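>>> What follows is a predicted structure for the sequence shown.
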Amino acid sequence: MAFGAGAIEALKEYGWPGNIRELRNVVERLLLLADGVVDAEGVHRALPAARELQKAAGAAGVGTLAERVTGFEREEVLRELERHGRNVTQTAKALGLERSHFYKKCQQVGVDLKGFDSRK
């Protein structure tokens, strides 16, 4: 089993909201599913964000409870951000969270807040 250069780059580009545990889980998944060399496409399929997109496309009941909860939280955060015109402060308030906790929650569920306005 080997990792191709594209696979290594794909792993480096991902934000890893779950930190080292998430990386370990993805690598274990890749080792179980890959046949020979792991490529970038295989990495993208194994990443949690790709699985969340599959679930959002209609694959209900897929994944562990923790993955389902994370997917639900991610979708709710994104919906509220859009509802509040991408304003971080108003979104955090609407969700009943302090801004600092909202930022941590976004990091946990894989929502990148770069480019969102926190002062509107």
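Structure received.
>>> C-alpha from now on. contacts and neighbour counts both.
Noted.
>>> Against Glu9, how distant is the residue lying farthest from the centre of the chain?
In the chain, the greatest distance from the average C-alpha position (CA atoms, centre = their mean) is reached by Gly36, at 26.6 Å. Distance, Gly36 to Glu9, by CA to CA, to the nearest Å: 18 Å.
>>> okay, Gly110: pLDDT?
pLDDT recorded at Gly110 is 85.
>>> and if you look at the one 5 residues further on?
Turning to Gly115, the model gives it a pLDDT of 68.
>>> and this protein, what are its domains?
Here the domain parsing of the chain from automatic domain parsing is 2-46, 65-109.
>>> ok, of those domains, where does mean pLDDT dip lowest?
Across the domains of the chain, domain 2-46 has the smallest mean pLDDT, namely a mean of 82.
>>> sorry, back to before: and for the residue farthest from the centre of the chain, nearest residue in space, chain neighbours not counted?
Spatial nearest neighbour of Gly36, excluding adjacent residues (CA to CA, 6 or more residues apart in numbering): Met1 at 5.1 Å.
>>> Tell me where the chain has helices.
Assigned by DSSP state H, the helices in the chain fall at 5-13, 19-33, 40-46, 48-56, 65-83, 88-94, 99-109.
>>> returning to that earlier point: determine the number of other residues adjacent to the residue nearest to Gly36.
10 (other CA atoms under 10 Å).
>>> just checking, it touches Leu33?
No. At 10.8 Å, Met1 does not count as touching Leu33 under the criterion of CA atoms under 8 Å.
>>> Could you single out the most deeply buried of the helices of the chain?
helix 88-94 (a mean of 19; mean count of other CA atoms under 10 Å).
>>> Next one: the residue nearest to Gly36 relative to Gly42, how far apart?
Separation of Met1 from Gly42 (CA to CA) stands at 13 Å.
>>> Look up the residues that both of those two are in contact with.
Common neighbours of Met1 and Gly42, counting by CA atoms under 8 Å, 6 or more residues apart in numbering, are Ala34.
>>> Any chance you could spot the residue sitting in the middle of this protein?
In the chain, the residue lying closest to the centroid (CA atoms, centre = their mean) is Gly110, at 3.4 Å.
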